[in-house]
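Enquirer: sharing a sequence plus its predicted fold:
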Amino acid sequence: MTQTTTLPPVLLVGCGNMGGAMLDGWLKEGLAPSFIIDRHRESVPAPHHLVRSPDDVPDDFHPAMIVLATKPQKVDAVMAAIAPFALRAPVLSVLAGRTVAGLSDALADQLPAGSPVPVVIRAMPNTPCSIGQGMTVCYAPPIATPAQRMLCTRLLRAVGDVAWIDHEDQMDMVTAISGSGPAYVFLLAELMEQVGVAGGLPPELARQIARQTVAGAGALMVRSGTDPALLRRNVTSPGGTTQKALEVLMAPDAWPATLATALKAAAHRSRELSGPQPVS
Ligand SMILES: NC(=O)C1=CN([C@@H]2O[C@H](COP(=O)(O)OP(=O)(O)OC[C@H]3O[C@@H](n4cnc5c(N)ncnc54)[C@H](O)[C@@H]3O)[C@@H](O)[C@H]2O)C=CC1
Ligand SMILES: O=C(O)[C@@H]1CCC=N1
């Protein structure tokens, strides 16, 4: 029998691709009545409430967690309105780049002098959260309490795996790997399909074999618990077809160099996003 978890209420600010993926996962697990603030989303299922602005959230709503999931460049617009809620509940930010100190200062600037310091916890999830297969890495500053960290783990564990880091600067490389990573895997499926079609396969067949190969390989890695290097060797017959392809892909100036360059570019962009954002 499946046990239904009831997750505590959240105030979700921004419900696009990532906020929506987390919400999808939380809804499947049983989320207590929550408020979702988004300008574009059309509906959320009852008993949850969709509003267009933080000003539309009733003062007597007491979320267990405020989850920030707007674009990093758009979050400043909501800081003033969510600051009062940040006095009652910790803020969980999934924004790429934006640091705990930067977000905490931005919130504190909106509060009366002498107010308690808002607690901001940073997380980097990914879109497979929507099916409970996410990977989220979290960082909490020393002022966050064990209970607040546990609450983050509980919410994020409901939508996938969770890991914690002690050094916030590691979040840039985490973002490059697991935050952006699903896009690289989807690109692999896209490219294999395109090469298949260019090589003369019927498009439907090329699509089927590319997608199922990516899905099946990921599932095998997880379910077997086997090291991916061994799984790769298990496919590679000496003198066979795979070896020929891997000699191309694993050449030092091929995938090892390309992936390193790509991940460094993503991590660099994450660091850039921590700085002042242009007004848009
Ligand atoms: N898309 C992804 O795979 C991941 C995204 N993130 C982070 O999640 C955040 C959101 O990214 P996406 O979901 O991809 O963007 P998105 O553009 O799909 O979603 C952002 C949502 O915020 C809403 N929004 C914008 N301004 C608002 C405001 N003032 N008040 C209320 N809602 C507002 C928009 O209507 C939109 O639905 C970003 O900070 C990103 O760095 C983190 C991990 C993975
Ligand atoms: O592309 C981005 O900036 C966000 C962060 C990780 C995934 N999407």
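Expert: Yep, it's here. Ligands and ions are numbered 1, 2, ... in the order given.
Enquirer: how about the residue of the stretch 51-200 of the chain found nearest ligand 2: what's its closest non-neighbour residue?
Expert: At 3.3 Å from ligand 2, residue 179 is the closest residue in the stretch 51-200 of the chain, using CB to the nearest ligand atom. Every C-beta, even on glycine, is put in place using the N, C-alpha and C of the backbone. Computed as CB to CB, 6 or more residues apart in numbering, the closest residue to residue 179 that is not its neighbour in sequence is residue 124, at 4.5 Å.
Enquirer: who are the packing partners of the helix or strand harbouring residue 184?
Expert: Per DSSP states H and E, residue 184 falls inside helix 181-198. Helices and strands touching helix 181-198, by 3 or more CB pairs under 8 Å, 6 or more residues apart in numbering; DSSP states H and E, are helix 203-224.
Enquirer: distance between the helix it packs on and the chain's centre?
Expert: Relative to its chain's centre, helix 203-224 lies at 22 Å (CA atoms, centre = their mean, to the nearest Å).
Enquirer: ok, residues contacting that helix?
Expert: Helix 203-224 has contacts (CB atoms under 8 Å, 6 or more residues apart in numbering) with 185, 188-190, 192-194, 196-197, 201, 226, 228, 231.
Enquirer: repeat for stretch 183-195
Expert: Residues from elsewhere that reach stretch 183-195 (CB under 8 Å, 6+ apart): 203, 206, 207, 209, 210, 211, 213, 214, 218, 259, 262.
Enquirer: at 6 Å instead, please
Expert: For stretch 183-195, contacts defined as CB atoms under 6 Å, 6 or more residues apart in numbering pick out 206, 207, 210, 211, 214.
Enquirer: most neighbours, which of these?
Expert: residue 210 (21 neighbours; other CB atoms under 10 Å).
Enquirer: for it, give its distance to residue 159.
Expert: Distance, residue 210 to residue 159, using CB to CB, to the nearest Å: 26 Å.
Enquirer: same question for residue 256.
Expert: Taken as CB to CB, the span from residue 256 to residue 159 is 32 Å.
Enquirer: contacts for the strand or helix carrying residue 257, please.
Expert: Per DSSP H and E: residue 257 is located in helix 255-273. Contacts of helix 255-273 with the rest of the structure, by CB under 6 Å, 6+ apart, involve 72, 96, 97, 172, 173, 175, 176, 180, 249.
Enquirer: do that again at 7 Å, thanks
Expert: If you take CB atoms under 7 Å, 6 or more residues apart in numbering as the criterion, helix 255-273 is touched by 72, 96, 97, 98, 172, 173, 175, 176, 177, 180, 249, 250.
Enquirer: cool, and stretch 107-125?
Expert: 18, 22, 79-80, 83, 86-87, 90-94, 100, 103-104, 134, 136-140, 143-144, 148, 152, 156, 168, 171, 174-175, 178-179.
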